[in-house]
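# What would the 3D arrangement of this be:
(2 chains)
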Amino acid sequence: MDDGVLTTLKLLIIGESGVGKSSLLLRFTDDTFDPEQSATIGVDFKVKTLSIEGNRAKLAIWDTAGQERFRTLTPSYYRGAQGVILVYDVTRRDSFMKLENWLNELETYSTRNDVVKMLVGNKIDQDDREVDRNEGLKFARKHSMLFIEASAKTKDGVQCAFEELVEKILQTPGLWESEHQGQAFQLKDQDPGRGRACGGYCSIP
Amino acid sequence: MGGNWCAHPCLMPLSWDNFRVVEFPAPLKETGSVSESLNFEHQLRLLPHQRGDIPHTESWYGIQEFVVITPGTNSEAVISESKCNLLLSSVSISLANSGCQIPMFVQIQQKWRRIYAGECHGPGVRTSFEMVQLRKVPSQYNHLSGLLDIFKSKIGCNLLPLPPVDIAIRFTYILQDWQQPIWPQQPPGLELHLAATWLHLTEGIVVDNDVYSDLDPLQAPHWSVRVRTSENPQCLLGDFVTEFFKLCCRKESVEDILGRGYAEEEGKEAADISSALSKLTEPVAAVPLPKLSVSSMVHSARKHIHRHRHIDESPLHIDILKSILLYLFPDAAVEKSSDSQSKMPTNSSKTSEEKLCDNLVLQLKSAPTDSLTYRLALGLCMVNYSYGGLPAVAHLWQEFVLELRYRWENNYLIYGLAGGPPDLRCCLLHQKLQMLNCCIERRRRRDEAPSGMGGSRQREHKASCGQGPSSAAATSSNQAKSWDSWSDSEDEFFECLSDQEDTESLRSERGPDSGKGKAEGRLHPYNDLTLLNSMEPLYVPVTQEPAPMTEDQLEEQSEVLAKLGTSAEGSHLRARMQSACLVSDMESFKAANPGCVLEDFVRWYSPRDYEEKYEVDEKGNKVLTGELSARMKIPGNMWAEAWEISRVTPARRQRRLFDDTKEAEKILHYLTMQKPGDLARHLLPCLLHAALLKLQQEESVEKIPSVEKNIQQAITQANLLLHSGSYDYKKLEDFINQLVVMETVITRARSLKDKFAVDKGEPGEATEELKKFVSSLLEEPEVVVTGAGQGLTGRIIHRLFLNAQRAALLVPGDDDLEPERKKAGESGKTSDFPSPAGREIILRTYVPRPAPYSKALPQRLFCVLMKEEFRLAGAFSSDTSFF
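Down below sits the predicted model:
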């Protein structure tokens, strides 16, 4: 399974309770939808291998509980995450209003400052939408996040959300490490002395 | 200058040997137009700074594009005259046959003499390049008039009068010994090269012969200056960091270094302490906060040394040890005036500057600059460099751990660590220290409880619910060995100490309407909500704080959680393992809200899982009804299950989620086991952080753009180097060398500024000009001095030379001042300048050659006169059409 895997990425899913974080993850990893998905306690964990432009990346995805009280427990899992999926529920404005808090939380506890963030507006299959797509887009732009609307129930946008996030991570230099990094870099280092001081005329030795 | 040649070497076998042919196309930067290549400034460069095997043909002959044929690396030089001539005529023939207009050179004579001769064929023109090289300057050619004679005789022109010869001269003076009493410990090792240049002189305007010279550098119209740094500048910062870095690879344990005997006694001591500890932690014997003086910590450390060792044996002198310990634990110095309470670290609001610093912490994964960890790194680095190396490091570390144990033992918070759980963005050692502080804080809070009340409650609890923990918790603790720290300490109970809670509980105990039992552990009412089954307000309970974790513990735990796999069962098990906190909260909630139901709990804990809507009842009234969300109603879901098994227990009587005693001992043990090498690896990020900060700070004074840029790059690089799991020592070494380079540049800047008295001058245009001059000296290879010898900068440079000359006169000896080069009109006095280290003279003219009716063609002679080199390079053109 691990053969040909370019890298292992740690992803994190955060957002208010009941916005469908676990459902999104279940749809992505198992392609199923469980209307009786129980409320997450602490953190949950899933793995999936994704192929982006011929590069296989193993994703270790940590799904967190959204309840206020768990927020003393879950931030420790933010450590080392390269990508974050921030979820809100388009049918519940309050879940959208709380996004700012989640970003603060992320800034406080994330151990790296170049994490790639993806904003997902979930439950677009439902009729009682309260948050317009443009509002989500605007918020995402303002905070330099990727953005997509999705429905874990109908499958809409789910795969795309994860793929785009991973693609962006792979495009960010220094954010991920190749499994064979040592070798790759050594080759570069062994490059013998750059063109010697050809124009040596001017330089102070 | 500045442009790069792309040389394309290829090997050419000739009848007797291999030759290397290198083509030097015109530098990419500026294609040398004719006017450019005739530009004198462009061509005049002093020779000693040449490097590599690039021929100096460029400056010697004033051309930029050429082909050079040199003997192959393993071949003999072309020395015999016949061989030379054979080669040169071959070149000539090939040029003529190919119609190639690029000059072609052959290296002849011994390689070290760097003699290149060659030819160039143009339409109707042939230029031959000839060179002479000697080790001594012949006295008859040691001046302009002698060189003019050579030039004229070489041209061999029979036209009379000869057209005027265009002369360009450049004298280079080297100022080597810059006395600088201000910085005695850091010899700057700078060399100042002053080039005084006369462009476009005409023969007859200046006189320079063996008895008299007009060429006074002070009068030269152009001055330019270069600075060279000596090979090994002393860089204190770099040395400190390098030495500390070397520690990373040491394998010795503290015991290896300090001796077994010491370690054993240490062990005995530790045993005593732990037994004392168990007494201390005995809940019944809750010790009132001892009014011990904090300074006794340092004293005890000192006594300790006296007891166990002779002073001469200890690697660190007691005074040094004491002052470093005071630096690390500054709270020990001010103990007498105030009690320890006031010295608790506070988490005050942060300024923007601190945020910037925080960012560096994050990038390097080090520790805040005001933290104990950071100071420890500096202290160890200092001790390592100046006070005894490895043994001193081991000694200080041992004392440090001893001090921590003392603080744990006596419930003194460790000074200089931010409160709260370990900051996972900092280095592991910092997290461990923070964790130890968490333990001390938790224990202090327990100990500070009103002893009578606390004691009685403990006993009450022991009597009432000794039947063991809840099943959920039991399951979890069995499965999760990693954080079941509470499983073997059932006697330890969490003690909540909120005053409010006490009053609340007292009130509710007395309250007449608390029919369903005594409410306990209330924090405050929750949003004016009342319980669903009664009119009692819904109270937020006092809860246990979850156990803080350091990153290694977290990793261990994540691994355990991840190992459960991704199946539904795995998920379920994971949830169970993490439900201890949920169950604890439920129990607290039940205790604070007698008669409550799961719905009440969910309304507080996960409000969105309680769905409310207005319904119209049978009487036609709008009634607010609510129910649990679908997911909470699933039979057998974890929340319902946890609610079932949780008992009515206030947080203070629950089993502790976090066993501070055990945790503290674990950390102290961990610290004791660290070898100096481990320690250096732990603290390297802090030290690099300090080094970068120092460089940044020094740079901000000097304002050197290149260093500023390099520091930013270095931070990015350090981020990559320090965040990867294991250190790449080779790369780290390179990185440290980069820091040294930056330090050198800053040192150089400072030294230059000092010499040019940039900071002492009154503000104004002059100072601004000087500042600009000095900063361009640092950034650019060569800087033009505005106003030459008469300008402001020029006068300072003049004075520098003058001072050096005077100093040299005071020490008579092997100075090889050439007496004949004294300044005119000041005979008897020494010159303001030393004799030039190099003189370069270009003579140019246009004359018809070889016959008077030939076309007038450029003729050029380049002369270099140095102490150990005399070189003439002539380019003489002749008309090939009319001769």
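# Go through the host helix or strand of B:Ser877 and flag the buried ones.
According to DSSP states H and E, B:Ser877 maps onto strand B:869-879. Residues of strand B:869-879 classed as buried by neighbour count (16 or more other CB atoms under 10 Å in any protein chain shown): B:869-879. (Glycine included, C-beta is placed from N, CA and C.)
# same deal with stretch B:770-780?
B:770-771, B:773-775, B:777-778.
# if we can go back for a sec, could you dump the buried residues of strand B:869-879 into a markdown table with distance to chain A and pLDDT added?
Shown next, in a markdown table, are these (distance: CB to the nearest CB, whole Å; pLDDT from 0 to 100):
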| residue | distance to chain A | pLDDT |
| --- | --- | --- |
| B:Glu869 | 17 | 85 |
| B:Phe870 | 21 | 89 |
| B:Arg871 | 16 | 88 |
| B:Leu872 | 20 | 89 |
| B:Ala873 | 16 | 87 |
| B:Gly874 | 21 | 87 |
| B:Ala875 | 19 | 86 |
| B:Phe876 | 24 | 87 |
| B:Ser877 | 25 | 86 |
| B:Ser878 | 29 | 86 |
| B:Asp879 | 32 | 85 |
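# how about those residues, which pair is most distant?
Taking CB to CB as the measure, those span a maximum distance of 33.2 Å, between B:Glu869 and B:Asp879.
# Where does chain A get nearest to chain B, residue-wise?
The minimum distance from chain A to chain B, using CB to the nearest CB, falls at A:Gly42 (3.1 Å).
# which secondary structure elements does the longest helix belonging to chain A contact?
The longest helix of chain A (DSSP state H) is helix A:158-171. For helix A:158-171, the elements it packs on are strand A:5-15, helix A:21-30, strand A:43-52, strand A:55-64, strand A:83-89, strand A:116-122, strand A:146-149, judged by 3 or more CB pairs under 8 Å, 6 or more residues apart in numbering or on different chains; DSSP states H and E.
# any idea how far it is from the chain center?
7 Å (CA atoms, centre = their mean, to the nearest Å).
# Do I have it right that B:Thr242 meets B:Asp734?
No: using CB atoms under 8 Å, B:Thr242 makes no contact with B:Asp734, being 11.9 Å away.
# Compare these two and say which one has the larger neighbour count.
Between B:Thr242 and B:Asp734, counted using other CB atoms under 10 Å in any protein chain shown, B:Thr242 has the larger neighbour count: 16 against 13.
# how close does that one sit to B:Ile715?
Distance, B:Thr242 to B:Ile715, using CB to CB, to the nearest Å: 19 Å.
# Need the buried residues of stretch B:770-780 in TSV (columns: pLDDT and secondary structure).
Listed next are these as TSV, based on pLDDT from 0 to 100; DSSP: H, G, I helix; E, B strand; the rest coil:
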residue	pLDDT	secondary structure
B:Leu770	75	helix
B:Lys771	76	helix
B:Phe773	79	helix
B:Val774	78	helix
B:Ser775	77	helix
B:Leu777	79	helix
B:Leu778	75	helix
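# Quick check: buried residues in stretch B:221-230?
B:222-229.
# Between all of those, which two are separated the most?
B:His222 and B:Thr229, at 24.4 Å, using CB to CB across the buried residues of stretch B:221-230.
# ok so, going back, so which one of the buried residues of stretch B:221-230 is the model least confident about?
Lowest pLDDT within the buried residues of stretch B:221-230 is found at B:Thr229 (67).
# In the stretch 151-300 of chain B, which residue sits closest to chain A?
For the stretch 151-300 of chain B, CB to the nearest CB, closest residue to chain A: B:Arg228, 5.4 Å.
# Check the gap between that residue and B:Pro781 for me.
Taken as CB to CB, the span from B:Arg228 to B:Pro781 is 10 Å.
# which residues in the stretch 601-750 of chain B form helices?
Assigned by DSSP state H, counting those that start in this stretch, the helices in the stretch 601-750 of chain B fall at B:630-633, B:638-645, B:660-673, B:676-702, B:705-723, B:729-755.
# where are the low-confidence patches of chain A?
A:1-3, A:174, A:177-205 (pLDDT under 70).
# B:Leu236 and B:Met382, how far apart?
Taking CB to CB, one finds B:Leu236 at 11 Å from B:Met382.
# Tell me which of those two has more neighbours.
B:Met382 (17 against 12).
# Just checking the strand or helix carrying B:Ile69 against chain A, any contact.
Using DSSP H and E, B:Ile69 sits within strand B:66-71. No: against chain A, strand B:66-71 shows no contacts by CB under 8 Å from any CB of the partner chain, the least distance being 12.9 Å.
# Could you name the helices and strands sitting against that strand?
Strand B:66-71 packs on strand B:18-24, strand B:104-108, going by 3+ CB pairs under 8 Å, 6+ apart.
# between those, which gets the lowest average pLDDT?
strand B:18-24 (a mean of 65).
# Could you give the number of residues near B:Gln133?
B:Gln133: 16 neighbours (other CB under 10 Å).
# correction: A:Phe33
17.
# As JSON lines, the buried residues of stretch B:221-230 with secondary structure would be great.
Converted to JSON lines, the buried residues of stretch B:221-230 look like this (DSSP: H, G, I helix; E, B strand; the rest coil):
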{"residue": "B:His222", "secondary structure": "strand"}
{"residue": "B:Trp223", "secondary structure": "strand"}
{"residue": "B:Ser224", "secondary structure": "strand"}
{"residue": "B:Val225", "secondary structure": "strand"}
{"residue": "B:Arg226", "secondary structure": "strand"}
{"residue": "B:Val227", "secondary structure": "strand"}
{"residue": "B:Arg228", "secondary structure": "strand"}
{"residue": "B:Thr229", "secondary structure": "strand"}
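# Grab the nearest non-local neighbour of B:Asp214.
B:Val206 (4.4 Å; CB to CB, 6 or more residues apart in numbering or on different chains).
# With adjacent residues omitted, what lies nearest to whichever residue of chain B sits closest to chain A?
Of chain B, the residue with the smallest distance to chain A, taken as CB to the nearest CB, is B:Gln578 at 3.1 Å. Closest residue to B:Gln578 apart from its sequence neighbours, by CB to CB, 6+ apart: A:Gly42 at 3.1 Å.
# Then A:Ser151?
Closest to A:Ser151 by CB to CB, 6+ apart is A:Asp125, at 4.2 Å.
# same question, B:Pro676
Per CB to CB, 6+ apart, closest to B:Pro676 is B:Val393, 4.7 Å.
# Can you verify that neighbour is assigned to a helix?
Yes: counting by three-state DSSP, B:Val393 is part of a helix.
# where does it land on pLDDT?
87.
# next one: B:Glu779
With respect to pLDDT, B:Glu779 has a value of 75.
# What average pLDDT does stretch B:551-568 get?
For stretch B:551-568, the per-residue pLDDT averages 86.
# Identify each buried residue in that stretch, please.
B:551, B:553-554, B:556-558, B:560-562, B:564, B:566.
# repeat for stretch B:319-331
B:320-322, B:324-325, B:328-329, B:331.
# So which of those belong to strands?
If you go by DSSP state E, those have nothing in strands.
# I'd like to know which of those residues are part of helices.
B:320-322, B:324-325, B:328.
# So, low pLDDT: which residues of the stretch 251-400 of chain B?
B:260-313, B:333-358.
# which parts of it sit against chain A?
Near chain A, when you scan the stretch 251-400 of chain B using CB under 8 Å from any CB, you find B:359, B:362-363, B:365.
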